[in-house]
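Enquirer: Everything below, folded, please.
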Amino acid sequence: MATDHFAGDPRSNLERMRAGDLYIADDPEIERRQRQAVRLAARYQAAYTEDPATARPLLAELLGSLGEEAHVRPPLWVDYGSNITIGARTFVNYNLTALDVAAIAIGEDCQIGPNVQLLTPTHPLEPGPRRDKLEAARPITIGDNVWLGGGAIVLPGVTIGDNSVIGAGAVVTKDVPANVVAVGNPARPVRNV
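Expert: From the prediction side, this is the model:
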């Protein structure tokens, strides 16, 4: 028997997605917004190669919020961009993948290494029809003055406290408190800062 995941729920897939509930990921309106973000990210990358300062307005248009003196080196890979906030003076190195189905909040004065992944989507584990199309998401919050080493992966629903350092290649599966160094897979605090 097929499961109707949305019985009695009149909301659109976009509304369900924004609420953090299960939704159908290949919904036409959601796909339109994703394509728009991909085009804007590509325009930002092309403009950045000519002049990073004149490319900044494109980045500000793509993101939900971009703090003063924040700097993002392309390429930047996003689902929507509009669900990402980056605080003042934060530096993001090459090749950030920020799947912003849910909010991604990056604090002020952060340093984000190359090839970092911030992943908010989740998928159901129980079998059922269209399981491959169902998603939900949980937000990611990165505090102020956080360092994420190259290749770090931050999973859905994680909060990283202020002044923490996440080692290169770490996989952050759970919240990290403020003022610690966390390393490994899964990432675990190994000392205080």
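Enquirer: Packing partners of the helix or strand that contains residue 182?
Expert: Counting by DSSP states H and E, the element that carries residue 182 is strand 180-183. Under the contact definition 3 or more CB pairs under 8 Å, 6 or more residues apart in numbering; DSSP states H and E, strand 180-183 sits against strand 165-166, strand 188-192. Heads up, the C-betas are built off the backbone N, CA and C, glycines and all.
Enquirer: hey, which of those is tucked in deepest?
Expert: strand 165-166 (a mean of 24; mean count of other CB atoms under 10 Å).
Enquirer: for it, packing partners?
Expert: Checking 3+ CB pairs under 8 Å, 6+ apart, strand 165-166 ends up next to strand 147-148, strand 180-183.
Enquirer: contacting residues for residue 66?
Expert: 56, 59, 60, 85, 86 (CB atoms under 8 Å, 6 or more residues apart in numbering).
Enquirer: what pairs with it across the strands?
Expert: Assessed by DSSP bridges, residue 66 has beta-bridge partners residue 86.
Enquirer: So it versus residue 117, what's the distance?
Expert: 20 Å (CB to CB, to the nearest Å).
Enquirer: out of the helices and strands packed on strand 165-166, which comes closest to residue 96?
Expert: strand 147-148 (9.4 Å; CB to CB).
Enquirer: now the closest one: mean pLDDT?
Expert: The pLDDT scores in strand 147-148 average 98.
Enquirer: List the strands paired with it, with their directions.
Expert: Take DSSP bridges as the rule and strand 147-148 pairs in its sheet with strand 111-112 (parallel), strand 165-166 (parallel).
Enquirer: Can you work out which other helices and strands pack against the helix-or-strand element of the chain with minimal mean pLDDT?
Expert: Least confident helix or strand of the chain, by mean pLDDT, DSSP states H and E, is strand 134-137 with a mean of 85. Identification of packing neighbours for strand 134-137 by 3+ CB pairs under 8 Å, 6+ apart yields helix 13-18, strand 23-24, strand 121-122.
Enquirer: Mind giving me the packing neighbours of the first one?
Expert: Packing partners of helix 13-18 (3+ CB pairs under 8 Å, 6+ apart): strand 23-24, helix 28-50, strand 134-137.
Enquirer: Likewise for the second one?
Expert: Other helices and strands packing on strand 23-24, by 3+ CB pairs under 8 Å, 6+ apart, are helix 13-18, strand 134-137.
Enquirer: Buried deepest among those, which one?
Expert: For the helices and strands packed on strand 23-24, the largest average neighbour count (mean count of other CB under 10 Å) is found in strand 134-137, namely a mean of 22.
Enquirer: Tell me the helix or strand right after that one.
Expert: Criterion used, DSSP H and E; the element after strand 134-137 is strand 140-142.
Enquirer: Report the secondary structure state of the residue nearest to the spatial centre of the chain.
Expert: Against the mean C-alpha coordinate of the chain, by CA atoms, centre = their mean, the closest residue is residue 98 at 3.2 Å. Assigned by DSSP: H, G, I helix; E, B strand; the rest coil, the conformation of residue 98 is strand.
Enquirer: May I ask you to confirm that it is in contact with residue 118?
Expert: Yes. Look at residue 98 against residue 118 with CB atoms under 8 Å: they come within range, at 4.6 Å.
Enquirer: Good, we can wrap up now.
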